[in-house]
Structure formats: structure tokens, C-alpha cells
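**Q** what follows is a predicted protein model with its sequence.
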Amino acid sequence: MKQVELPPDSGVLAKLVVLEPGTARTAYPLSSGSFVVGRLASSESREVSIPLGGLNVSRNHARLEAEDSGHFTLTDLNSKNGTYVNGLKIDSVALSEGDIIGIGNYRLLYSEVEAEEERASVDRTSSKRPTDLVAASDSVVELTDEMSDLEIGKTIMVPVEEVIRPVVRETQEEPEPGESGITRLSKKNQMLSVLYQASKALISTSSSDELLETLMDLAFSTVKAQRGLLLMPDGYKKEWSVKKVRYSEDREPDGKITLSRSIASRATKENKAVLINDAMVDPGLKGKESVQLLGIRSAMCVPLTHQNRTLGLLYLDTTKDSTQFRQDDLDVITALGNIAAVAIAQAQLNEELARQEEFRRRMARYHPPAVIERIMAGPANALDVQEAEVTVLFADITDFTTFCEKNEPKMVRDMLNEYFGEMIEVIFKREGSLDKFIADEVLAVFGVPFPHPDDPERALLTALQMREALKKLNAKRPEHLRFKIKTGINTGRVLVGDIGCLRRMDYTVIGGPVNVAKRIETYAQPDQILIGRATYELVKDGRFELEPSGSLKLKGKDEPEQLHELIGMK
């Protein structure tokens, strides 16, 4: 990669990192001036500073322009498929640290570092860490039977618990043949050192991705591996997904990621750490054609197991004869895997708790606490879109426009907040769900996510109590801050669940009965509660005082909707 001089008047050095899945990261340093990102396909492409392959990339797709501050602006050059930043299509935008640029099938990371920090790192090239290969989150490693021919060489399989046991407690076992007490003590000290360093590094990480990155750093600093794969089970595909891939600087990335099926099976099903040295180093097998497969001379595969659950696989290999892995290497990596498994399990638990807490916060907008607990304890698809019979309640403040014109905006806001707070408590008391606030209007639903045999009655009781709660609020207010509500209620089958798009998803109900409830509420008079025919049929023999209140002609229906007014309890 061509080295560029740091901008003399800027404290910022920027770079663009290509994150194309399946290839090594390519970083382009950005100095002052302008850089064109495009397809390297013709003589016109001599202008292109950052070439990308693929037909979805235009010849001159986008331009990066340096500002005086050292930061960059990205501009789309009328490309065919557009330029995106953090998922949004742009014409021109100032870039910030960590922005993800989408061009064709490529993702590019815009990164900024302080120039002094970059200068300080120039002399540290001897400690450069291995190349990262960025794998898409849904990349699946190919399990092949070809590599299992390596197992005709020198294969060692050790139960994971046997590796860690001598380290964490004293034993009276005799040294292995040819192993002195000093050698045994040295191995134990090395293992303790690895465990200490791993524990310190892994416990300090704050996210799963950072934890996996740290694990790969520790593995490559502990043994002389040329390639490392960190795999985790994909529960949906029932396959192993690539989470991290690492190559040493002296090995080119593979075009295809492969791993022996039998190695993975033994490591996971038998909970055994596997060490393979191929037949080229076994005098009895020299010259065998199978030992040439893939050129791998030595490999290790260690399960990351916690409480009898395999959370992942750490696989390391090398093509060099001079860096054959040994039993000591396997012991150290296995010990590292044990510590990593505990950290991964804790990180997954923390993330799950955070997801649950976020889910609770989201659900608290719609449901009372008791219903949320039932959702959490119920099936995972409890909020999937489904058809259900519900009773819908609309309540609207009458003459709200006039009310707003007569009062200050802050006063209106405070009044609405107090009113909505009271209404929510009444709705939740009957285990109704708050669908949404629509300006000054309340939309509540009874019968989801869990139905009750008396949902229509619950809706009517709620309407009466909402009216009483408002009377108490009005009694505490001066005359000019008092108002009334009108209510419409209807029952029928609707679609209910999380509905929307990736950017915005809401738990809501849609369907004809919802529209009818709204029309009934619009028809009602101040302080009046009207119910539709379907609801009336379900509650007419109950404990409510109901009176006929005319009919409502609905668009698309031949017969008018017969209405009844809810007066109170009998």
C-alpha cells in the first residue's frame, strides 16, 4: 500500500477500510486532496484512487474530498446504484469516525486517527498484528471431509477437563516419561501465566465482538499460527458460522474457508481438544499422496465449552514445517479456550439481559406489567402478526383545536401529559393494551396479546372509568383548562402484532373493526360512549345500562351500523 505524507496543517489522519466479506481488509490512507472511488474497468478509471470490483459499482462512483480540518466529505457522482452512509442514501455528506459507506456490494469503514498517534505508530511495524479477514455475520464455514485425511498422521485428542485440571488444583500424579519435575513446573507456570493474562484481557472487554477479537489476539500471540478461525453455532441454520478469521502476515487469505467435518465433530460432540500433525512428519507415512492436501502441516481445534454447552470452536493451523504445534501448544490454547468460554457465556448473558430490558421498555409503552411478564414467559412468537378478535376503544378530546388556541403550548403539553398518564393507568388496570396516542386521541385494544373471555366488558368498564377519571382531573382545574372526551367502541377480527419496517416497528392493530370504532367515536357527542353492533351483541345481557342511539352509515356497507350508548352500570 502506498504510503502518504501526513497533511501538515491537520491533526487528523483519515483512512478508508474496505470491508468486503471474504477478503482481507484493504486500508487506503487519505491525505489532503480528492479521491475517487469507482470500478477499475477501463482507461477512464485512471482517475480512480480506490478501485472496487463488481458491476454494481460505477466507473466513477463517489468522491472523497478533504476539508481544511482534515475531515472528509463524501459526494455521490451520479452513480447508477447510489451511495449510502449508515444505510441512508446520500448526495453529499460530511463523514464522521466509524461511518459505514455502502457502494455496490461493498462496505467501507471511514476511520480517523490523530496524526500524532499515527506518527508514533510508524516505528512499531515489527509488532503489527496479523491480517483480519472480515466475514459477513451469516457466513457459514464449509465442513469438508477432505482435510480429515490429515488425521492419518499424528493426532492427539485430549478431553478439555484433563487439560485444565492439573493447573487449577494440585495433584499427586507422576511426571510423564522423560519429563522432569522442573519441566512439569515450567509448563504449569506457563499455563498459569496464560490464564492470568487471558482472564485480565477477556474480563475487561465490553462487547461480544471485542471479546472475540481479543481471543484471536491472545491465540496468535501464544502460538505461531498462520490461520485462525473462530466459529459459533448458528441456531437457525444449524451450521457453524464464521465470526472471526485471522491470517498471519506470511500467509495469503483463502478463497474459501474450510474445516474438517470430523475435526469439528470430535471437538464438539466429545468435548475434546484436537491436535493434528500431518503424515509428512511421520516416518511411516512419508510419501503418501494424502499428506499434500491443502498443504496444512499442523492444526488445532479447541471447543469453547461452558457448563456442558459448546459456545464456539477455536481452530488454528499452519503450513510451515518449522512451526509444528506441540502438546504444550494444545494445552495452552485449551486453557485459553476455557477462560474464553466463561467470558463469552457472561457476555451473551449480559446481552440477553440487555435485550430483555430493552424489550420490557418497549412493551411498557403498550402493556401493563402483568401482561409483559406473560409475554416474557411465553413463546417467542407471541408478538408475531396474527389474526385475533379484539375490542377496540377510541377516546378523543372534544374541540381540542379550540382548546389549544386558547392556552399556551406548555400548558397544553402539561395538561395532555397528566391526562394521558391517568388514562393509561385505567386501561392497564383492565389489562388492556395501549396501541398509541394520536395527537389528543387514545387508542386502546382489549384481547391482545392474551385474550380474555370478557374483553368487551373490560373495554366498557374502562370507558366508564376513563370518563370518571377525567371528571376528577377537571375538578382540580380552572374552567378554561377543562375539557370532555367522546368514546367509540367496536369488536371484530383484526391483524395484530409488530407491524412496520426495519427502521420503525410498532405493536398495533389494523383492520375494518378498527376503522369502524374510529367512525363511531367521531359520531359520538361530548361525554358520550357509543358502542357498535358487534360489541352490543356480546354485552347486551350483562350488567351495563345501554340505550339505542341511532345508526351510522358506513362506506362499503349496505346496512347502517346500529349504535348503542353506554349510560352506566345497572
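**A** Received the coordinates, thanks.

**Q** low-scoring pLDDT stretches of the stretch 151-300 of the chain, where are they?
**A** For the stretch 151-300 of the chain, the stretches flagged by pLDDT under 70 are 151-191, 193-194, 197-198, 201-206, 235-238, 254-262, 278-296.

**Q** show me the shaky parts of the stretch 401-550 of the chain.
**A** Within the stretch 401-550 of the chain, the stretches with pLDDT under 70 are 502.

**Q** that one: strands as residue ranges?
**A** Assigned by DSSP state E, counting those that start in this stretch, the stretch 401-550 of the chain shows strands spanning 433-438, 441-446, 485-500, 505-510, 529-531, 544-552.

**Q** in TSV: these, plus mean neighbour count and distance to residue 357.
**A** All C-beta spots, glycine's among them, are computed from the backbone N, C-alpha and C. Formatted as TSV, the strands of the stretch 401-550 of the chain follow (neighbours: other Cβ atoms under 10 Å; distance: least, Cβ to Cβ, whole Å):
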stretch	mean neighbour count	distance to residue 357
strand 433-438	18	20
strand 441-446	24	25
strand 485-500	21	18
strand 505-510	18	17
strand 529-531	29	38
strand 544-552	15	40
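
**Q** save those strands as a markdown table, and put in distance to residue 377 too.
**A** Below are the strands of the stretch 401-550 of the chain laid out as a markdown table (distance: least, Cβ to Cβ, whole Å):
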| stretch | distance to residue 377 |
| --- | --- |
| strand 433-438 | 17 |
| strand 441-446 | 21 |
| strand 485-500 | 18 |
| strand 505-510 | 18 |
| strand 529-531 | 33 |
| strand 544-552 | 33 |
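
**Q** and of those strands, who's closest to residue 336?
**A** strand 505-510 (40.1 Å; Cβ to Cβ).

**Q** given the closest one, what are its sheet partners and their directions?
**A** When sheet partners are counted by DSSP bridges, strand 505-510 sits next to strand 485-500 (antiparallel).

**Q** and the partner strand with strand 433-438, angle?
**A** Put simply, strand 485-500 runs at 100 degrees to strand 433-438, going by axes from the mean of the first three to the mean of the last three Cα atoms, to 10 degrees.

**Q** residue 566: which of the strands of the stretch 401-550 of the chain is closest?
**A** Nearest to residue 566 among the strands of the stretch 401-550 of the chain is strand 529-531 (4.1 Å), distances taken as Cβ to Cβ.

**Q** I'd like to know which elements that closest one is packed against.
**A** Packing partners of strand 529-531 (3 or more Cβ pairs under 8 Å, 6 or more residues apart in numbering; DSSP states H and E): helix 455-475, strand 485-500, helix 512-523, strand 561-569.

**Q** quick one: distance of the second one to the chain centre.
**A** Taking the mean C-alpha point of strand 485-500 and that of its whole chain, the gap between them comes to 31 Å (Cα atoms, centre = their mean, to the nearest Å).

**Q** kindly report the same for the longest one.
**A** Here the centre of helix 455-475 is set off from its chain's centre by 41 Å, with Cα atoms, centre = their mean.

**Q** now that helix: buried residues?
**A** Of all the residues in helix 455-475, those buried under the rule 16 or more other Cβ atoms under 10 Å are 455-467, 470, 473.

**Q** nearest to residue 497 among those?
**A** Nearest to residue 497 among the buried residues of helix 455-475, with distances taken as Cβ to Cβ, is residue 455, at 17.2 Å.

**Q** list the residues that contact that closest one.
**A** Residues near residue 455 by Cβ atoms under 8 Å, 6 or more residues apart in numbering: 390-391, 446-447, 491.

**Q** look up how far residue 435 lies from it.
**A** The gap separating residue 455 from residue 435 is 14 Å, by Cβ to Cβ, to the nearest Å.

**Q** which other helices and strands contact the helix or strand harbouring residue 15?
**A** Applying DSSP states H and E as the criterion places residue 15 in strand 12-18. The helices and strands touching strand 12-18, judged by 3+ Cβ pairs under 8 Å, 6+ apart, are strand 26-30, strand 50-52, strand 106-114, helix 115-121.

**Q** who does it pair up with?
**A** When pairing is defined by DSSP bridges, strand 12-18 lines up against strand 26-30 (antiparallel), strand 106-114 (antiparallel).

**Q** format those strands as JSON lines; extra columns: distance to residue 526.
**A** As requested, the strands paired with strand 12-18 are arranged in JSON lines below (distance: least, Cβ to Cβ, whole Å):
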{"stretch": "strand 26-30", "distance to residue 526": "65"}
{"stretch": "strand 106-114", "distance to residue 526": "57"}
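
**Q** right, so of the ones you listed, which gets closest to residue 353?
**A** Closest approach to residue 353 among the strands paired with strand 12-18 is made by strand 106-114 (29.1 Å; Cβ to Cβ).

**Q** buried residues in that closest one, which are they?
**A** So for strand 106-114, counting by 16+ other Cβ under 10 Å, buried means 106-112.

**Q** put the alpha carbons of it into PDB.
**A** This file holds the C-alpha atoms of strand 106-114, laid out as PDB (Å, rounded to 0.1, in the frame of the first residue of the first chain):
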ATOM      1  CA  TYR A 106     -19.000  -3.300  -0.700                       C
ATOM      2  CA  ARG A 107     -19.000  -1.800   2.800                       C
ATOM      3  CA  LEU A 108     -16.300   0.600   3.600                       C
ATOM      4  CA  LEU A 109     -15.300   1.900   7.100                       C
ATOM      5  CA  TYR A 110     -14.300   5.500   7.400                       C
ATOM      6  CA  SER A 111     -11.800   5.900  10.200                       C
ATOM      7  CA  GLU A 112     -10.000   8.900  11.700                       C
ATOM      8  CA  VAL A 113      -7.000   8.900  14.000                       C
ATOM      9  CA  GLU A 114      -4.900  11.700  15.400                       C
END
